[in-house]
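Q: Predicted model and sequence follow; I will ask about them next.
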Amino acid sequence: MELEQAEILEHREVAPGYRRLVLAAPAIAGRAGPGQFVHLRVGEGPHPLLRRPLSVAGRRGEALTLLYRVVGEGTALLATRRPGERLDLLGPLGRGFTFIDGREPLLVAGGAGVAPLLFLAAEARAAGRKPLVLLGVATAAEVVGEDELAALGIPLEVSTDDGSRGRRGPVTDLLAGRLEGKAIYACGPAAMVRRLKELAPGVPGQVSLEAAMACGVGACRGCACRTAGGYRMVCADGPVFDLGEVVFDE
Amino acid sequence: MELEQAEILEHREVAPGYRRLVLAAPAIAGRAGPGQFVHLRVGEGPHPLLRRPLSVAGRRGEALTLLYRVVGEGTALLATRRPGERLDLLGPLGRGFTFIDGREPLLVAGGAGVAPLLFLAAEARAAGRKPLVLLGVATAAEVVGEDELAALGIPLEVSTDDGSRGRRGPVTDLLAGRLEGKAIYACGPAAMVRRLKELAPGVPGQVSLEAAMACGVGACRGCACRTAGGYRMVCADGPVFDLGEVVFDE
Amino acid sequence: MSRLAVELAGIRLQNPVLAASGTFGYGREYAGLVPPARLGAVITKGTSLEPWPGNPPPRTVETAAGMLNSIGLENPGLNHLVEEDLPWLAGQGATVIVNVVGRTIEEYVAVAEVLDRHRGVSGLELNISCPNVDKGGLAFGAAPETAYALVRAVRKRTRLPLLVKLSPNVTDLVRIAQRVREAGADGLSAVNTLVGMAIDLERRRPVLGNVTGGLSGPAIKPVALAAVWRLYQVGLPILGLGGIATWSDAAEFLLAGATAIAVGTATFARPRAMLEIVEGLEGYLACQGIANVSELVGRAHG
Amino acid sequence: MSRLAVELAGIRLQNPVLAASGTFGYGREYAGLVPPARLGAVITKGTSLEPWPGNPPPRTVETAAGMLNSIGLENPGLNHLVEEDLPWLAGQGATVIVNVVGRTIEEYVAVAEVLDRHRGVSGLELNISCPNVDKGGLAFGAAPETAYALVRAVRKRTRLPLLVKLSPNVTDLVRIAQRVREAGADGLSAVNTLVGMAIDLERRRPVLGNVTGGLSGPAIKPVALAAVWRLYQVGLPILGLGGIATWSDAAEFLLAGATAIAVGTATFARPRAMLEIVEGLEGYLACQGIANVSELVGRAHG
Ligand SMILES: Cc1cc2nc3c(=O)[nH]c(=O)nc-3n(C[C@H](O)[C@H](O)[C@H](O)COP(=O)(O)OP(=O)(O)OC[C@H]3O[C@@H](n4cnc5c(N)ncnc54)[C@H](O)[C@@H]3O)c2cc1C
Ligand SMILES: Cc1cc2nc3c(=O)[nH]c(=O)nc-3n(C[C@H](O)[C@H](O)[C@H](O)COP(=O)(O)OP(=O)(O)OC[C@H]3O[C@@H](n4cnc5c(N)ncnc54)[C@H](O)[C@@H]3O)c2cc1C
Ligand SMILES: Cc1cc2nc3c(=O)[nH]c(=O)nc-3n(C[C@H](O)[C@H](O)[C@H](O)COP(=O)(O)O)c2cc1C
Ligand SMILES: Cc1cc2nc3c(=O)[nH]c(=O)nc-3n(C[C@H](O)[C@H](O)[C@H](O)COP(=O)(O)O)c2cc1C
Ligand code: FES
Ligand code: FES
């Protein structure tokens, strides 16, 4: 775990509401694995107070890539920061994905959940695996990471809510017939993950969860999620958990 | 009283820690008189919460000039705003200076207190009067407004704490022999104003006071100052008061 | 606008957004920016029988997402209200609730009696929760029995709708509210400011002339909201306030159980905040297909 | 560093900057960034006799310049503390104060008795002020007599310095503190969190799984400072906390009457905040020519 004042190298909108942020963060980039996250300070004064967790979406040498969606006050403030400025980063944090031997990676992403999976896909490729990425978004314009995946020769299939690209409907509709011999790596809204568990009961898999975080390091016990073994901390025990282990409400 | 989203036309440091801000504020500029102030929002979120009062330091057509010193969180944040951005301004507020007939204006400023007096000096000149400006600052580099006054042919005398320019000592040391037939217009630290009252007991004069402000319009009763007639509100009854009327502690 | 019309403790309001006492003067100071007739109601500055001078300066200081004030209920007194401010507000077409303060029960009663006869007053708000005066204010609001005695005495002398403004600086807000109800109050205002202070590092002394002050603004919103949530069980209509700055803040208070809300400190930062909140709520109701704002009240209790 | 050395309720501290309970875990989580030996002391997460699971999520939500938490004192229990955490902290050379919680007086006493024999513990902090549990916590801290009974019972079974952590959610903090003193406490910690809540507009339900939570962070600093100011008259040494984020915040608490201070929520935003505060105070004392930090304590009372 490092605390680093990382210089912004690149920061731009890559799709409506989605931004890509590239940072010079040698200490953190050197140690980050897919599924891990950084905890990032968006302001300087007493408000907004807390850091924001963002998954590592890629790295190249000393550069760390983040990919985020502007959803509220903190991410809106982050969006105003310009190249050359520095951001206060804590990371890499949490436990990331681990490859399951003998099974090819099937990556299932919903919206901004694609961020950690882009990093995972690249690492899988580098390790000689054959990942396939399924991505569900609201509309065609929100497909991000496509060029990156294409450059690595990683296939991508898209579903959209409005049918403007790929199949109309949830990304889980793309699963049929694709589960054989695969291990699932997922990140997206709770509804997506719940459906995934229903559709792929026997398939081994891992999921990256989200929860509101204060400390990000396991100290405050704030980011509890329900698992078969009781409450666990998303920041320290996760964010990546076994798909089988995660318990949803209702 | 107008609420105006004023575009920043110019914003730069004019002396160490002092910044000049020129705004396109047609509604407010058109009605502002010397000694009046604007109440300015420095942030957008819940912190910093309150507006900051700044005296009008000049106007030219629709442009309003402010001159401020960076002293804390709010002014530091203000200092980051760039030309082209807009600032939320409430004004013009308060009661300004009025000329006292038959007496030439002697303007006595301490530090950033020069701001309203620059406007007053210009108006006095335009009205055919012969103002003299006395300015006390910590060190020579902090003399601001000099070019402006020179362009209008208004004489300026300086004192500094460190003797790096003009007389060494408080600005009130420059008063001796200069009070005859004059009316005093002052703005500066409490100690300066108190000394002024001691040194010029019979001389008519006005002073612009400062107090922490919430509303800026007389509604909250927060900015009380002591006067011979009891508490009065700096924002609505002032900020300019008769020198004789103002009461200091101890 | 009928989507927003509500009745609060017997007072009919065209919308549920009120100006909080002490932050909107008597309406006149902000009139150029906020026509008082466009608000649900104007709650006046705390008004006493005689003029009060208020506390020594400094009286305000900014804090993180909030501010402290120790105004000490400076006000020009009942006569001034009756002769100058009420006629002006009536001329503007404003609905008016008078916030009442006193040092003794008799003083509260005397003010209430005079206003009972006044056509320009739609209701009273008894301030038993100001932390900035020695006598009166919080002295009455801190315990169930003193609160009861005061409200009972005032109730006997006025038929005006009676709101009682509560302090969050107590162990058991609900118990006090219950006694206030038994004393005959028509509604509750919650909350007044939290006791707080700031110290000036240079002078090594308290910043405020009165040492402590009342904390208001966004910082206290969570505390105020929890107070409203708990008071909902008391069964009296609630005017919710404390840190409300946006229409979504206002909606949270309605969902927690407030029938209407008041905006205080936010007005200092954004004088038109109240009007923006009215518009925001209107838009929210329209887009959610809600016929009247009262349908939201208390809904978060499930 | 002797400029900063202080004694708090009989506990010798190399500096007056402590990690607040529940925000620094057991020291291990932040160890890479904040060596626990460089703090005045580490106050552990609230520790109960048996492990506690904590409250249902969500457990935290951000607010204006603050946050709400409803952790519900999740902790791995006394055995884990004794077997894992205390040895680790001792190995680090940290001064340790254990924050103790329980559902009954007996549970508090049982924890205190075990720790009394433990060399790695310099003091206890009794948490009678957690707003997030049904039994225990605030149930003891809300009234003078329940607080007295609890402190008295624990006092009889331990010679360790005993700090009692108070809640700001009460009408008369001073009265409670006086009884706590009479029961034999060595010092006061002030304050724990303020009760607050937030509502999720989409779901129209409380955000927190436990409905209400405790408000902490810069937003509450003025309230905490006023609490310390008032408690100063009680005569017990005070550990001041609530919203402290910078050395100047810390200095305000010392001037108000705190012998030492603790930093909680600020650590989440700036993990090294405590170390920066130590440096800042050191620099301030040096530049003001103050030989020991204790000279500042209570100075703002004039
Ligand atoms: C481990 C982890 C990794 C994440 N990675 C990414 C990523 O790579 N790209 C991306 O776009 N988003 C990611 N998120 C979600 C991201 O953290 C939130 O969208 C962001 O914190 C929202 O902040 P805000 O101030 O804009 O929103 P607001 O709603 O104003 O935030 C208010 C508070 O709620 C918290 N919050 C709001 N939404 C979430 C959320 N979904 N998860 C956790 N906390 C939340 C904020 O951190 C903040 O404390 C991740 C979340 C977690 C837990
Ligand atoms: C009528 C009036 C006119 C003014 N005109 C000028 C001017 O033309 N140029 C200039 O440099 N300064 C002027 N000031 C002072 C200026 O308002 C303060 O320097 C400024 O508010 C400091 O804000 P801050 O956030 O940087 O400081 P902080 O100390 O962080 O401010 C904290 C709080 O205290 C208030 N505050 C701090 N110092 C003062 C002060 N001296 N007067 C009033 N409130 C204060 C702030 O407004 C804020 O609410 C004027 C003040 C008043 C009342
Ligand atoms: C400057 C100021 C003056 C106030 N004066 C009064 C008053 O006279 N009577 C009263 O009942 N409340 C008074 N209050 C309390 C407010 O009406 C309100 O209860 C409190 O500020 C919380 O709301 P807010 O956070 O929206 O400001 C005052 C508050 C402020 C900030
Ligand atoms: C996440 C969290 C957990 C906490 N857990 C405890 C606890 O276990 N015991 C306790 O006495 N106080 C606990 N507190 C209260 C803090 O110790 C402190 O009193 C409070 O947060 C105010 O200080 P701050 O504003 O610096 O955070 C907790 C606070 C937070 C934010
Ligand atoms: S965010 Fe603190 S334990 Fe996870
Ligand atoms: S600032 Fe509100 S009355 Fe002057």
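A: On my side now, so go ahead. Numbers count the residues shown, from 1 in each chain, chains lettered A, B, ... in the order given. Ligands and ions are numbered 1, 2, ... in the order given.
Q: what sits against the closest residue to ligand 1 within the stretch 1-150 of chain C?
A: Residue of the stretch 1-150 of chain C nearest ligand 1, by CB to the nearest ligand atom: C:Ala65 (14.4 Å). C-beta coordinates here come from the backbone N, C-alpha and C atoms, glycine included. Each residue near C:Ala65 by CB atoms under 8 Å, 6 or more residues apart in numbering or on different chains is listed here: A:46-47, B:46-47, B:49, C:217-219, D:64-66, D:218-219.
Q: Spell out for me which residue occupies the centre of chain A.
A: Central residue of chain A (CA atoms, centre = their mean): A:Pro116, 3.0 Å from the mean position.
Q: Confirm that that residue sits in a strand.
A: No: using DSSP: H, G, I helix; E, B strand; the rest coil, the secondary structure at A:Pro116 is helix, not a strand.
Q: so it makes contact with A:Leu54?
A: No: under the criterion of CB atoms under 8 Å, A:Pro116 is not in contact with A:Leu54, lying 9.4 Å apart.
Q: before we move on, the earlier item: how about the contacts made by the nearest residue to the residue nearest to the centre of chain A once chain neighbours are set aside?
A: Excluding the flanking residues, the one nearest A:Pro116 by CB to CB, 6 or more residues apart in numbering or on different chains is A:Ser55, at 3.8 Å. Counting by CB under 8 Å, 6+ apart, A:Ser55 makes contact with A:Gly35, A:Gln36, A:Phe37, A:Leu66, A:Leu67, A:Ala115, A:Pro116, A:Phe119, A:Cys187, A:Ser208, A:Pro239.
Q: separation between the first one and A:Gly222?
A: Between A:Gly35 and A:Gly222 the computed distance is 20 Å (CB to CB, to the nearest Å).
Q: what does the fifth one give?
A: Distance of A:Leu67 to A:Gly222, given as CB to CB: 25 Å.
Q: Mind jotting down where the helices sit in the chain?
A: Using chain A. In chain A, the segments counted as helices under DSSP state H are A:26-29, A:73-78, A:114-126, A:146-151, A:190-199.
Q: looking at chain C here, not the other one
A: Under the criterion DSSP H, helices of chain C are mapped to C:77-80, C:86-92, C:105-116, C:138-141, C:144-157, C:173-182, C:221-231, C:247-256, C:266-269, C:273-288.
Q: Now render those as CSV, adding mean pLDDT and mean neighbour count.
A: What follows is the helices of chain C, written out as CSV (pLDDT from 0 to 100; neighbours: other CB atoms under 10 Å in any protein chain shown):
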stretch, mean pLDDT, mean neighbour count
helix C:77-80, 96, 15
helix C:86-92, 97, 16
helix C:105-116, 96, 19
helix C:138-141, 81, 24
helix C:144-157, 95, 19
helix C:173-182, 97, 21
helix C:221-231, 98, 28
helix C:247-256, 98, 25
helix C:266-269, 98, 25
helix C:273-288, 97, 18
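Q: Format these as JSON lines; extra columns: distance to ligand 1.
A: Formatted as JSON lines, those follow (distance: least, CB to the nearest ligand atom, whole Å):
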{"stretch": "helix C:77-80", "distance to ligand 1": "45"}
{"stretch": "helix C:86-92", "distance to ligand 1": "38"}
{"stretch": "helix C:105-116", "distance to ligand 1": "43"}
{"stretch": "helix C:138-141", "distance to ligand 1": "34"}
{"stretch": "helix C:144-157", "distance to ligand 1": "37"}
{"stretch": "helix C:173-182", "distance to ligand 1": "28"}
{"stretch": "helix C:221-231", "distance to ligand 1": "13"}
{"stretch": "helix C:247-256", "distance to ligand 1": "11"}
{"stretch": "helix C:266-269", "distance to ligand 1": "19"}
{"stretch": "helix C:273-288", "distance to ligand 1": "17"}
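Q: Among the ones you listed, which comes closest to D:Asp85?
A: In terms of CB to CB, the element of the helices of chain C nearest to D:Asp85 is helix C:221-231, at 31.4 Å.
Q: Nearest residue to A:Thr65 in space, please, no chain neighbours.
A: A:Gly58 is the one closest to A:Thr65 (CB to CB, 6+ apart), at 3.9 Å.
Q: Let me know the pLDDT of A:Glu250.
A: A:Glu250 is assigned a pLDDT of 51 by the prediction.
Q: quick revisit: mind checking which of the contacts of C:Ala65 land in strands?
A: Among the contacts of C:Ala65, DSSP state E puts D:Gly66 in strands.
Q: Turn the contacts of C:Ala65 into CSV, including pLDDT and distance to C:Leu81.
A: Converted to CSV, the contacts of C:Ala65 look like this (pLDDT from 0 to 100; distance: CB to CB, whole Å):
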residue, pLDDT, distance to C:Leu81
A:Pro46, 96, 39
A:His47, 97, 37
B:Pro46, 96, 33
B:His47, 97, 35
B:Leu49, 97, 29
C:Gly217, 98, 27
C:Pro218, 98, 30
C:Ala219, 98, 31
D:Ala64, 98, 34
D:Ala65, 98, 36
D:Gly66, 98, 37
D:Pro218, 98, 38
D:Ala219, 98, 34
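Q: Could you work out the most separated pair of the contacts of C:Ala65?
A: So, the contacts of C:Ala65 by CB to CB: farthest apart are B:Leu49 and D:Gly66, at 13.4 Å.
Q: For these two, indicate the residue with more neighbours.
A: Per other CB atoms under 10 Å in any protein chain shown, whichever of B:Leu49 and D:Gly66 has more neighbours is D:Gly66, with 32 against 29.
Q: Thought C:Lys221 was touching the more buried one, still the case?
A: No: with contact defined as CB under 8 Å, D:Gly66 does not count as touching C:Lys221 (9.4 Å).
Q: still on that earlier bit, more neighbours: A:Gly35 and A:Gly222, which one.
A: More neighbours surround A:Gly222 than the other of A:Gly35 and A:Gly222, with 31 against 26 (other CB under 10 Å).
Q: Not counting sequence-adjacent ones, nearest residue to residue 105?
A: No chain specified, so I'll use chain A. Closest residue in space to A:Pro105, ignoring its immediate chain neighbours: A:Pro131 at 4.3 Å, by CB to CB, 6+ apart.
Q: wrong chain, I was asking about chain C
A: Nearest to C:Ile105 is C:Ala153, by CB to CB, 6+ apart, at 4.9 Å.
Q: And the one you found, how close does it get to C:Lys165?
A: 16 Å.
Q: How much space separates A:Ala76 from ligand 2?
A: Distance, A:Ala76 to ligand 2, using CB to the nearest ligand atom, to the nearest Å: 23 Å.
Q: Compute the number of surrounding residues for the closest residue to chain B within chain A.
A: For chain A and chain B, the shortest gap (CB to the nearest CB) falls at A:His47, measuring 4.0 Å. A:His47 has 27 neighbouring residues, counting by other CB under 10 Å.
Q: And for A:Glu85?
A: Burial of A:Glu85 is recorded as 11 neighbouring residues (other CB under 10 Å).
Q: Touching, A:Glu142 and A:Glu13? I think so.
A: No: between A:Glu142 and A:Glu13 no contact is recorded; they are 11.6 Å apart, counting by CB under 8 Å.
Q: The two - which one has more neighbours?
A: A:Glu142 (23 against 11).
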